[in-house]
Each structure stands twice: as structure tokens, then as C-alpha cells.
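**Q** Using only what follows, build the 3D model:
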Amino acid sequence: MGRAKKILMVLVALAAVLVIVVVLVVRPMGSKFDPPEAVAGADRVYRVRNNVVDFYTARLNEGATDGANTGANTSANIGTNTSTNPGTNTGAILFDAGLDSRGPTLDALLAAAGSKREDVTAVFITHGHADHIAGALLLPQAKVYASALEAGAMLGDSENKRPLPKILRKIFGVKPVKITDTLEGRVEIPVAGERERVLAIPLPGHTTGSYVFVFRGVLFAGDAFNYENGVLTYPLELVTEDMAAARHSIAQLSTLLQGVDVKVICTGHGGCTPPDKTRDLLDVFVKQASAGQ
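**A** Model prediction:
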């Protein structure tokens, strides 16, 4: 047997071992999670850390009646719950869906909110990276909202210009996720029998089709920006398509959120801001981006 052939056989064997390690060791890590917790300062919103990514659920009260938000288009009630009667729990929504396509993480998060998989009516996807979409496959009855610009990434047909998102998708075996309801521009989506609404705002940069969502005073940022070491920070450049666009989008946040009540900001990898510091943190961050810092 020639030397070149022996080297080839060794490389093939090493590749096979690597595949086995990924399947048996690394891939199950996608189901690792920390105990879910309620988001401080938020109304029935819960967070779970799934490996390295955070995603969220909000429990709905479709039985609410007195003072319920019936969809009037006023800035005062965008992304808020105006019901004075909690009613009964008859649904839940998700903001992103994590890395775990097996189910333990999703089930734990929903249980913390007093919900089950069949209660979930909608999943709002901030962007199409694998670590934000996998759990949506476990919810065939739910609508999946995302930008049409993220469809290719979510189906696996196209990926971020950076290589890491594609590598992670392969490692963790995340299957294609189909968007059922595409988002275009700034839009409000009725939930809870049209008694509440989710405000969707495009914020390109991390990916071309990145969105942030506002619901009950919580802004769900995905990876459009992050929260770490007590401050809001730019998205990780290693997996961001266009940092200049991300900075520009962040600089526009004061205008984009004018008239919108934001009490807490919840991110995709750094958890949530303290409600008593959120406004100051956001103001400092926007000024930083506006100054090109």
C-alpha cells in the first residue's frame, strides 16, 4: 500500500471519529439548559438559557375582557397588555426558539410559564441562525413569523456570509424551519384573540433580515445587539453580516422606539437589562452608536 493511500485512510478514519464525536457528544449539548426564570420587571415573560443562547416565552390571556386591547392603532398601547382582567391562560408565544430541537429546553420554559407545546400559537424569529430557530420544529401548530430575507437561512439554502453559523447548523443538526407568515417593514401582529399586539421592527445588520420585537414593554433584541457586563454592546462581529449596518440601525433606535414603552431589553446571548436601568442603558448605547464609537 502506497504512502499516499495510507495517509488518506488515516484522514478518513479521523473524519469518521470526528463525526461520531459530534453526534454522540457535541450534538446532545444542544439540549443543555439552565433553569428557566421569570424576566424581572416583565408581565408573565420567561427566559431560558439554552446552551449559549437565550429565548423567551410570554403567557397569553385570551380570556381577558375588561379593558382589553382591541387593536386601536395608538402609540400608547403598542406592544403592551392593556387588560385589567387577567382572564385565563389559553395560549403562549415564543420569541426565538433556541438550539434544542429535541424538546427538553422548550418544555421546561413553557412549564415555567404554566404552558405546554400545544398552547403556543406563534413563534417570532429575530433572525435565521440555527441557535435561534431549532425549537420551532416542535410546534407544528404555531405560526412562524420572520423576515422574508431570513427564509433562505432558516431553510438552510443560504447562510450568513460568515462561516460559523453554517458550521454550527451542521454540528447540531438543525433542520429546515419554514416561515408561515413573512414580515415586511414595521408591523403590528395581533395575538391573544387580537387583545394584544406584538410590534415588529426591522433592524438590519447582524443579518439582513434581523427584527426586534416589543411586547408588554419588553424589547426582544435577538442578536441585533447584546447585553454584557452591565452595558448594551454591539453584536458579535464574528457572526455579523454587516457591522456598519448594525451600528447604523442601533443609532436609529431612539427614533424607531419613539412613543413605544420599553421597560426591559432581552437579548439573545446576554439575558435582560434591569428594568430600573434600561432607559439609561439604551440612551447611552444609542449615543455611542450615533457618535461612531
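
**Q** where does the stretch 1-150 of the chain dip in pLDDT?
**A** 1-30, 62-90 (pLDDT under 70).

**Q** number of nearby residues for Asp157?
**A** Asp157 has 9 neighbours, counted by other C-beta atoms under 10 Å. For the C-beta atoms, the positions are set from N, CA and C on the backbone; glycine is no exception.

**Q** Then Gly114?
**A** Here the count is done by other C-beta under 10 Å, and Gly114 has 12 residues near it.

**Q** separation between it and Lys166?
**A** 37 Å (C-beta to C-beta, to the nearest Å).

**Q** quick one: Ser290 and Ala251 touch, right?
**A** Yes - Ser290 is in contact with Ala251 according to C-beta atoms under 8 Å; the separation is 4.4 Å.

**Q** next one: phi and psi at Phe215?
**A** With angles defined as degrees, to the nearest 10, Phe215 sits at phi -150, psi 130.

**Q** need the contact list for it.
**A** Applying C-beta atoms under 8 Å, 6 or more residues apart in numbering to Phe215 gives the contacts Val45, Ala58, Gly79, Thr80, Ile93, Phe95, Glu196, Arg197, Val198, Leu199.

**Q** Which strand residues bridge the fifth one?
**A** It stands for Ile93. With DSSP bridges as the criterion, Ile93 is bridged to Ala58, Ala122.

**Q** Any figure for the gap between it and Ala136?
**A** On the measure of C-beta to C-beta, Ile93 and Ala136 end up 12 Å apart.

**Q** Identify the contacts common to those two.
**A** Taking C-beta under 8 Å, 6+ apart as the criterion, Ile93 and Ala136 both touch Val123.

**Q** Which of the contacts of Phe215 has the largest number of neighbours?
**A** Result: Phe95 is most packed of the contacts of Phe215 (other C-beta under 10 Å), 29 neighbours.

**Q** Can you give me every residue that contacts that residue?
**A** Phe95 touches Phe55, Tyr56, Thr57, Ala58, Val123, Phe124, Thr126, Phe213, Phe215, Phe220, Cys266, counting by C-beta under 8 Å, 6+ apart.

**Q** Next, find the distance separating the fifth one from Ala153.
**A** When C-beta to C-beta is the yardstick, Val123 and Ala153 sit 15 Å from each other.

**Q** ditto for the third one
**A** Summarising the geometry, the distance separating Thr57 from Ala153, computed by C-beta to C-beta, is 23 Å.

**Q** pretty sure Gly152 is in a helix, no?
**A** Yes - under DSSP: H, G, I helix; E, B strand; the rest coil, Gly152 sits within a helix.

**Q** Can you give me the pLDDT of it?
**A** On the pLDDT scale, Gly152 is placed at 92.

**Q** what about the closest residue to it other than its chain neighbours, neighbour count?
**A** Taking C-beta to C-beta, 6 or more residues apart in numbering, and ignoring the residues beside it in sequence, Gly152 has Ser158 as its nearest neighbour in space, at 3.5 Å. Ser158 has 13 neighbours, counted by other C-beta under 10 Å.

**Q** do the same with Val48
**A** So Val48, with other C-beta under 10 Å, has 23 neighbours.

**Q** Tell me which helix or strand it sits in.
**A** Element membership for Val48 (DSSP states H and E) is strand 45-50.

**Q** Please apply the same query to Ile189.
**A** strand 187-191.

**Q** which strands and helices sit next to that strand?
**A** strand 120-124, strand 196-202 (3 or more C-beta pairs under 8 Å, 6 or more residues apart in numbering; DSSP states H and E).

**Q** Export the strand holding Val48 to CSV, keeping only CA atoms.
**A** Provided in CSV are the C-alpha atoms of strand 45-50 (Å, rounded to 0.1, in the frame of the first residue of the first chain):
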residue,chain,number,x,y,z
VAL,A,45,-42.5,36.7,30.4
TYR,A,46,-40.0,33.9,31.0
ARG,A,47,-36.4,33.2,29.9
VAL,A,48,-34.3,30.1,29.4
ARG,A,49,-30.6,29.8,28.6
ASN,A,50,-30.2,27.0,26.1
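
**Q** where exactly do the strands run in the stretch 51-200 of the chain?
**A** Taking DSSP state E, counting those that start in this stretch as the test, the strands found in the stretch 51-200 of the chain are 53-60, 91-95, 120-124, 143-147, 181-183, 187-191, 196-202.

**Q** Which one, of these, ends up nearest to Ala130?
**A** Closest to Ala130 of the strands of the stretch 51-200 of the chain is strand 53-60 (C-beta to C-beta; 9.5 Å).
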